[in-house]
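Student: this is a predicted model, with the sequence first.
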2 protein chains.
Amino acid sequence: MAMNEYIRQLLSSGEHDFLPSLSVDCVILGFHENQLKVLLLKHRYMDIWALPGGFIYKDEPTDAAAMRVLRERTGLNEIFLRQFYIFGEPERSQREFHIRDLEKDGINVNDDHWILQRFVTIGYYALVEFSKVNLLPYTIAEKSMWWDIHDLPEFMLDHRKILDKAIETLRIQLNYQPIGYNLLPEKFTLTELQNLYETILDKNLDRRNFQRKIISYQILRRLNEKKKGVPHKSPYLHSFDIEKYNDALNKGFNAGW
Amino acid sequence: MAMNEYIRQLLSSGEHDFLPSLSVDCVILGFHENQLKVLLLKHRYMDIWALPGGFIYKDEPTDAAAMRVLRERTGLNEIFLRQFYIFGEPERSQREFHIRDLEKDGINVNDDHWILQRFVTIGYYALVEFSKVNLLPYTIAEKSMWWDIHDLPEFMLDHRKILDKAIETLRIQLNYQPIGYNLLPEKFTLTELQNLYETILDKNLDRRNFQRKIISYQILRRLNEKKKGVPHKSPYLHSFDIEKYNDALNKGFNAGW
DNA sequence: ACAAAAGTGTTACTTTTACACCCATGA
DNA sequence: TCATGGGTGTAAAAGTAACACTTTTGT
């Protein structure tokens, strides 16, 4: 079985290849059918789910490691990726977790094996365009799947906490940064953008006020094109003015003081 | 020489005691004479300065490690401490740095010694009440000193980048969080608080507007007491309503959306 | 023709900004 | 008594919030 082979390989070469004690975990968020989705991997023996994560090569920047994990899972490159927190509690449970799993794999490891050591994990979140993602096969997990943010399964270890922290961070950043590029398709309607905001904030916004405000940021271009095939009046399509969008990402809105 | 002894000890027991590849660095900020100050340690052979940093014990939460570093340097406990970024580039220069220094110490280490490996560092910032700090002797540095944020020396490695990132983070957080507790004495004037804001933001604020806004947050109590011995009209003293202050820390101001 | 989302403006209210005078104190 | 920072209010401007009707489209 490929998975088993993969694990054996990882276990034997990992100590040599990877930074010890450190991992990355990615909260990969996509937007689909007006709902925010997160990509999770199923544990190989239990019906619990984990964030896609991985280790860091000894000469690899941590950001690059997170990007690599992302690429491995989604096939996407150059997506929006940002570290948001480090989870550095000594998690005792991880140890028992691994031992139990490896036993079921028919693999024995020494008690001081690197995989059993404590890991500090760097949390990254990524915003991806749902429609562009092809879930790639992966050897370490049985299955990967998008989950609605409002309807989540049981999580492995503290991964629920990591996800919650990512969304909390995103919610705060919404107040001084634009969002949407990488989460929405190239062309989108203002209502779609508003739905994204509403989903992240988990509250309703007034349509006209939302439009006025978002337009005042000057990061949008209204196209001479309307969305076709929708059951009602055709809305205008918009796209981001990527230069101004990136400007806004750097400078931020709402100085406050 | 105590420093040398300390280093030998650290080098020999470190691999056993500490998480490999990971360190913490603390940006310790204090406020004094209306200026924001940062605590730096002098390198033992060169006239360059470093952030106080340290390693993480194998069973120690990363936050606790940062707190410990802080305590070792300032004698303070229970201060405001927050992780703000991870610096995870493979920094090649560190290696040559250590080799050169240890040579001067008359210490030889193997090429694969743990101290020569790549370290990912977790950046923490701390806000401390300047007047309460007693700079404690420390064996690894020749000298420690408060530096004005606007007048800084040459830094070791990428520590300048870490400091800049800490201040940038602080500046952003000022827009949705209160600040001042732990940086100001128990009783302070509104002007002192305003000076703190002005220093962090690096710009001037209107006195009346500042007061109106800060009072509207309802985190302050005006005391029936005035500051004495100042060369002009005695200003009222204020203190934080710590319950409301902490509430505000959790909930945040300026929702924006 | 009907149901449903899209487009659009105005008014009241709140918040922010800009600005100036008198007062209290120590030197 | 003088110099200096402290205390205080208001008016104009900007921004935010609340709200409703007409248009367009697919069915």
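Tutor: Cool, the structure landed.
Student: mind checking how far whichever residue of the stretch 51-200 of chain A sits closest to DNA strand C is from A:Leu36?
Tutor: Nearest residue of the stretch 51-200 of chain A to DNA strand C (Cβ to the nearest atom of the strand) works out as A:Thr191 at 3.5 Å. For the C-beta atoms, the positions are set from N, CA and C on the backbone; glycine is no exception. Distance, A:Thr191 to A:Leu36, by Cβ to Cβ, to the nearest Å: 16 Å.
Student: tell me which of those two has more neighbours.
Tutor: Of the pair A:Thr191 and A:Leu36, A:Leu36 is the one with more neighbours under other Cβ atoms under 10 Å in any protein chain shown, namely 24 against 16.
Student: now do the contacts for the residue of the stretch 51-200 of chain A closest to DNA strand C.
Tutor: Contact partners of A:Thr191, counting by Cβ atoms under 8 Å, 6 or more residues apart in numbering or on different chains, are A:Arg207, A:Pro235.
Student: helix or strand: which one has it?
Tutor: Per DSSP states H and E, A:Thr191 falls inside helix A:190-201.
Student: need the helices for the stretch 101-250 of chain A, in chain order.
Tutor: In the stretch 101-250 of chain A, the helices defined using DSSP state H, counting those that start in this stretch lie at A:159-173, A:190-201, A:207-216, A:242-251.
Student: would you mind naming what in the stretch 101-250 of chain A lies close to DNA strand C?
Tutor: A:189-191, A:207-209, A:211, A:226, A:230-236 (Cβ under 7 Å from any atom of the strand).
Student: OK, now which residue of the stretch 101-250 of chain A is nearest to DNA strand D?
Tutor: For the stretch 101-250 of chain A, the residue closest to DNA strand D is A:Lys233, as judged by Cβ to the nearest atom of the strand, at 3.0 Å.
Student: any stretches of chain A with poor pLDDT?
Tutor: Judged by pLDDT under 70, chain A has its weakly predicted residues at A:1, A:138-140.
Student: spatially nearest residue to A:Val133 (excluding sequence neighbours)?
Tutor: Setting aside the residues directly before and after it, A:Val133 is nearest to A:Thr74 in space (Cβ to Cβ, 6 or more residues apart in numbering or on different chains), at 4.6 Å.
Student: what of A:Asn77?
Tutor: That would be A:Arg71: by Cβ to Cβ, 6+ apart, it lies 5.9 Å from A:Asn77.
Student: I'd say the one you found and A:Ala65 touch.
Tutor: No. A:Arg71 is not in contact with A:Ala65 according to Cβ atoms under 8 Å; the separation is 10.7 Å.
Student: between the two, who's got more neighbours?
Tutor: More crowded of A:Arg71 and A:Ala65, by other Cβ under 10 Å: A:Ala65, with 24 against 14.
Student: what distance do you get for the residue nearest the centre of chain A to A:Phe55?
Tutor: Against the mean C-alpha coordinate of chain A, by Cα atoms, centre = their mean, the closest residue is A:Ile28 at 1.5 Å. Note on A:Ile28: its distance to A:Phe55, by Cβ to Cβ, is 17 Å.
Student: same thing with A:Tyr124?
Tutor: From A:Tyr124 to A:Phe55 the distance is 14 Å (Cβ to Cβ).
Student: what residues are shared contacts of these two?
Tutor: Joint contacts of A:Tyr124 and A:Phe55 (Cβ under 8 Å, 6+ apart) are A:Val24.
Student: show me which of the two is the more surrounded one.
Tutor: A:Tyr124 (27 against 22).
Student: which one is that one nearest to, not counting chain neighbours?
Tutor: Nearest non-adjacent residue to A:Tyr124 (Cβ to Cβ, 6+ apart): A:Ala66, at 4.1 Å.
Student: can you pull the contacts of that neighbour?
Tutor: Going by Cβ under 8 Å, 6+ apart, A:Ala66 touches A:Val24, A:Cys26, A:Leu81, A:Gln83, A:Ile122, A:Tyr124, A:Ala126.
Student: got it, and A:Asp25?
Tutor: Contacts of A:Asp25 by Cβ under 8 Å, 6+ apart are A:Leu51, A:Pro52, A:Gly53, A:Phe87, A:Thr121, A:Ile122, A:Gly123, A:Tyr124, A:His159, A:Ile162.
Student: how about 6 Å then?
Tutor: A:Leu51, A:Gly53, A:Thr121, A:Gly123, A:Ile162 (Cβ atoms under 6 Å, 6 or more residues apart in numbering or on different chains).
Student: got it, and A:Tyr124?
Tutor: Counting by Cβ under 6 Å, 6+ apart, A:Tyr124 makes contact with A:Val24, A:Cys26, A:Ala66, A:Leu81, A:Gln83.
Student: let's see 8 Å
Tutor: Applying Cβ under 8 Å, 6+ apart to A:Tyr124 gives the contacts A:Val24, A:Asp25, A:Cys26, A:Val27, A:Asp63, A:Ala66, A:Leu81, A:Arg82, A:Gln83, A:Phe84.
Student: can I get the longest strand along chain A in PDB, CA atoms only?
Tutor: Secondary structure of chain A per DSSP state E: the longest strand is strand A:18-32. The C-alpha coordinates for strand A:18-32 follow below in PDB (Å, rounded to 0.1, in the frame of the first residue of the first chain):
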ATOM      1  CA  PHE A  18      13.600  18.100   8.300                       C
ATOM      2  CA  LEU A  19      14.000  20.600  11.000                       C
ATOM      3  CA  PRO A  20      13.200  18.800  14.200                       C
ATOM      4  CA  SER A  21      10.400  19.800  16.500                       C
ATOM      5  CA  LEU A  22       8.800  22.100  14.000                       C
ATOM      6  CA  SER A  23       5.900  21.700  11.700                       C
ATOM      7  CA  VAL A  24       3.500  23.800   9.700                       C
ATOM      8  CA  ASP A  25      -0.300  23.400   9.600                       C
ATOM      9  CA  CYS A  26      -2.300  25.100   6.900                       C
ATOM     10  CA  VAL A  27      -5.900  26.400   7.200                       C
ATOM     11  CA  ILE A  28      -6.800  26.300   3.600                       C
ATOM     12  CA  LEU A  29     -10.000  28.300   3.000                       C
ATOM     13  CA  GLY A  30     -12.100  28.400  -0.100                       C
ATOM     14  CA  PHE A  31     -15.400  30.000  -0.900                       C
ATOM     15  CA  HIS A  32     -18.100  28.100  -2.600                       C
END
